[in-house]
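Participant: output the structure for:
(2 chains)
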Protein chains: 2
Amino acid sequence: MSLLTEHRSGTVDLGPAAALSCRECGQRYPLSPIFACSECFGPLEIAYDLPAGDPEALRSRIESGPNSIWRYAPLLPVPADVAGKPNLNPGGTPLVRADRLAAELGVTGELHVKDDSGNPTHSFKDRVVACAVEAARAFGFTTLSCSSTGNLAGAVGAAAARAGLRSCVFIPHDLEHAKVTAAAVYGGELVGIEGSYDDVNRFCSELIGDPAGEGWGFVNVNLRPYYAEGSKTLAYEICEQLGWRLPDQLVVPIASGSQLTKIDKALRELITLGLVEDKPYKIFGAQAEGCSPVSQAFKNGHDVIRPVRPATIAKSLAIGNPADGPYVLDIARRTGGAVEDVTDEQIVDAIKLLARTEGIFAETAGGVTVGVTRKLLADGVLDPSLTTVVLNTGEGLKTLDAVSPTTGPTAVIRPDLAAFLDAGLA
Amino acid sequence: MSLLTEHRSGTVDLGPAAALSCRECGQRYPLSPIFACSECFGPLEIAYDLPAGDPEALRSRIESGPNSIWRYAPLLPVPADVAGKPNLNPGGTPLVRADRLAAELGVTGELHVKDDSGNPTHSFKDRVVACAVEAARAFGFTTLSCSSTGNLAGAVGAAAARAGLRSCVFIPHDLEHAKVTAAAVYGGELVGIEGSYDDVNRFCSELIGDPAGEGWGFVNVNLRPYYAEGSKTLAYEICEQLGWRLPDQLVVPIASGSQLTKIDKALRELITLGLVEDKPYKIFGAQAEGCSPVSQAFKNGHDVIRPVRPATIAKSLAIGNPADGPYVLDIARRTGGAVEDVTDEQIVDAIKLLARTEGIFAETAGGVTVGVTRKLLADGVLDPSLTTVVLNTGEGLKTLDAVSPTTGPTAVIRPDLAAFLDAGLA
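Facilitator: Modelled structure (predicted):
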């Protein structure tokens, strides 16, 4: 408990965040940079003193807030004045009414795509990192860190730059050059580790326990309880953009599973606070077949996840041993949802389908959710007559290689009208 | 005048757009898909019946509109119900208070970066294309087209996909594969032309005059007067985000020069409408040294632009014979601004400076504006004590090659603490 004492948690102002609470045994801890229960080793999450009182007043307060995740500051582990501090102000991304996609998929109800590629570094990671930055400031950390193979590296580098924090991001040494460039451009420390991603993670755990790591906030390790809450804002935005209404069905990608669990948490909060009318909703999880441990467990009726070695083009979802997998299973079963997976070929087809119908160029994770949506509709699992929201959590420019081999010019011609007419393009 | 008759311009609803007006001789034409004056060959632009009356009422109407360029529909050549039609809804991008950049540059006043990389296809082109789509609908065009070497190809492909229009985009056949993929993914026709970008343009002009091009809206040719107006929204947003206040100084990139002229037009409209207080502002144009015909003319005191053959990494600004160059010179001189240029090396340095201080990864065009801002400050041309807005019109992920050779990991180490400490990273 020395960390707790050191950080004088009594003085930490993280808004409505009241304590850390063990997801397994319920044990509570003061707010501090810890992530596992010392009683049962369960994961810790934020417990809140949420605003009581008139839902209308809270709704007005939110609606008059900034067009970023900070409009939901009363529901996040951040100080009330967060919007005035230098940060990337993520969120406020479009919920796109996808009528042309709906027509292709045979959806007769409302189909929406929550397109998170408009975030500052073009993935939902900006939401979670923004919350981690506030925790880092609250605990007096001066270096922001993480292990990453892609989106998170850029999100941490950019957020630290804006906040004026040092950053030190650890990546496998053989990462593609484009990803390295996009992370290194923010000027923080970027350290290639000679080894696999697992080696990178192991090294980071070692560093956190060592005096050399003092003052370091690893967004997805010792700041994880704060970081993870940022995903709640996806659900808040979806419901507000629907006119303060719960969707009937949501299709959410699964990497660690954290995002899906936080979306469920946020929907329940909105109901509790009276911000939306209480009604059933179903949450569907989406994985790539090449990394589908949660989907396999769901289909086999298991409660535990058997880890796999990932082999898929959906690299941002390629976590073979997803920490929140069991909770995802609970939520899918409790809400009447499901977990499904699609092949790499189906992912590519779905990326192209979304681009062709809605002009949204998704990264592979978006191909996974759209592909799973299509599959669940074909299998009669998703109800085509209801209001459905599909998440795209990243940007196609970051995973060009997925579509590049099968995407090119429709014709190459000489610069004259005869050639144009010959090609049948008129 | 046959086109005018054909399109029965009297029935065209493009909101406050009243007519086309020749920028040179003032001759007016009914709204139709033409772009040059038949009297003097001058360029045509939109003349408006702007909303008269109480500025407060107009301001409230705008503020209660959607968080996209359509909140300014009363000031654009689009129908009043535009926001309800399927389109990409660009705009609403952040104006970032850049205190850390200001400190590095010695700016003591307010420095802001208007970051347009958050648009749907991550450049300001989404703004202009969205306006062209409305004109295409109004004139009954069924194919959306353009010549392009990059950002515009993707913007047109995506916008047409969302709107349910056919698209046919012409590109030089030897364009980089990544750019081809990012444009082709939207599923429209993408035609490689065996020849240079000039050959592509010449071919497009031929096609517009031919029956084969009937029903085709070339966003930057026969729809250009409508298309170009989309750039006004950058200025509207900047002033609204400043609290309905004109900035003192703006630094704007120059390709054709159209964007800069429309920003000036929009600022003057805001003054005329009483939406901002009238006061002087200065507009500064920014070019790359390797394509700096406007900057050269400005420095030499010329009124005409001598075309150049572009040779710069800032390819989105590489127009050697900028159509609106003379108007840019007028505006820079009238407002007390200037036109300046920076080398490719200075562009790369500026991209990194912006990323390192503000977490914004700009494309090369953003490197040009930040680089020129730095140079103008060093030369005492920009006043560091005033409110300055610098535009970033695109996304660094699209021009990775610019920074990639000089951007990489700060260290590569074995996965152990000893190696970490040896590398001096603690």
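Participant: could you export stretch A:324-338 as PDB, CA atoms only?
Facilitator: The C-alpha coordinates for stretch A:324-338 follow below in PDB (Å, rounded to 0.1, in the frame of the first residue of the first chain):
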ATOM      1  CA  ASP A 324     -11.400  -8.400 -20.300                       C
ATOM      2  CA  GLY A 325     -12.600 -11.400 -22.400                       C
ATOM      3  CA  PRO A 326     -14.600 -13.000 -19.600                       C
ATOM      4  CA  TYR A 327     -16.400  -9.800 -18.900                       C
ATOM      5  CA  VAL A 328     -17.200  -9.500 -22.600                       C
ATOM      6  CA  LEU A 329     -18.800 -12.900 -22.500                       C
ATOM      7  CA  ASP A 330     -20.900 -11.900 -19.500                       C
ATOM      8  CA  ILE A 331     -22.100  -8.800 -21.300                       C
ATOM      9  CA  ALA A 332     -22.900 -10.400 -24.600                       C
ATOM     10  CA  ARG A 333     -24.900 -13.100 -22.800                       C
ATOM     11  CA  ARG A 334     -26.600 -10.800 -20.300                       C
ATOM     12  CA  THR A 335     -27.800  -8.400 -23.000                       C
ATOM     13  CA  GLY A 336     -28.800 -11.100 -25.500                       C
ATOM     14  CA  GLY A 337     -26.000 -10.200 -27.900                       C
ATOM     15  CA  ALA A 338     -23.300 -12.500 -29.300                       C
END
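Participant: enumerate the residues of the stretch 151-300 of chain A near chain B.
Facilitator: Within reach of chain B by C-beta under 8 Å from any C-beta of the partner chain, the stretch 151-300 of chain A has these residues: A:154, A:157-162, A:164, A:168, A:171, A:173, A:177-178, A:180-182, A:184-187, A:189-195, A:199-200, A:202-203, A:206-207, A:210, A:212-213. The way it works is simple: take the backbone N, C-alpha and C, and place the C-beta from them, glycine included.
Participant: report the buried members of those residues.
Facilitator: Buried members of these, counted by 16 or more other C-beta atoms under 10 Å in any protein chain shown: A:154, A:157-162, A:168, A:171, A:173, A:178, A:180-182, A:184-187, A:189-193, A:195, A:199-200, A:202-203, A:207, A:213.
Participant: so which residues of the stretch 1-150 of chain A form strands?
Facilitator: For the stretch 1-150 of chain A, applying DSSP state E, counting those that start in this stretch gives strands covering A:17-22, A:28-29, A:44-48, A:95-97, A:111-115, A:143-147.
Participant: minimum distance to A:L88: which of the ones you listed has it?
Facilitator: Judged by C-beta to C-beta, the one of the strands of the stretch 1-150 of chain A that comes nearest to A:L88 is strand A:143-147, at 12.2 Å.
Participant: so is the closest one next to chain B?
Facilitator: No: if you take C-beta under 8 Å from any C-beta as the test, strand A:143-147 misses chain B, and the best it gets is 9.3 Å.
Participant: report the mean per-residue pLDDT for that strand.
Facilitator: The average pLDDT for strand A:143-147 rounds to 96.
Participant: quick check: next helix or strand after it?
Facilitator: helix A:151-163 (DSSP states H and E).
Participant: just want the angle from that following helix to strand A:143-147.
Facilitator: Here the directions of helix A:151-163 and strand A:143-147 differ by 170 degrees (axes from the mean of the first three to the mean of the last three C-alpha atoms, to 10 degrees).
Participant: hey, C-alpha coordinates of helix A:151-163 in PDB?
Facilitator: Extracted in PDB, the C-alpha atoms of helix A:151-163 (Å, rounded to 0.1, in the frame of the first residue of the first chain):
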ATOM      1  CA  ASN A 151      -2.300   3.400 -32.900                       C
ATOM      2  CA  LEU A 152      -1.500   3.800 -29.200                       C
ATOM      3  CA  ALA A 153       2.100   4.900 -29.900                       C
ATOM      4  CA  GLY A 154       0.900   7.900 -32.000                       C
ATOM      5  CA  ALA A 155      -1.800   8.800 -29.600                       C
ATOM      6  CA  VAL A 156       0.600   8.800 -26.600                       C
ATOM      7  CA  GLY A 157       3.300  10.700 -28.500                       C
ATOM      8  CA  ALA A 158       0.800  13.400 -29.600                       C
ATOM      9  CA  ALA A 159      -1.000  13.800 -26.300                       C
ATOM     10  CA  ALA A 160       2.200  14.100 -24.400                       C
ATOM     11  CA  ALA A 161       3.500  16.700 -26.900                       C
ATOM     12  CA  ARG A 162       0.300  18.800 -26.500                       C
ATOM     13  CA  ALA A 163       0.400  18.500 -22.700                       C
END
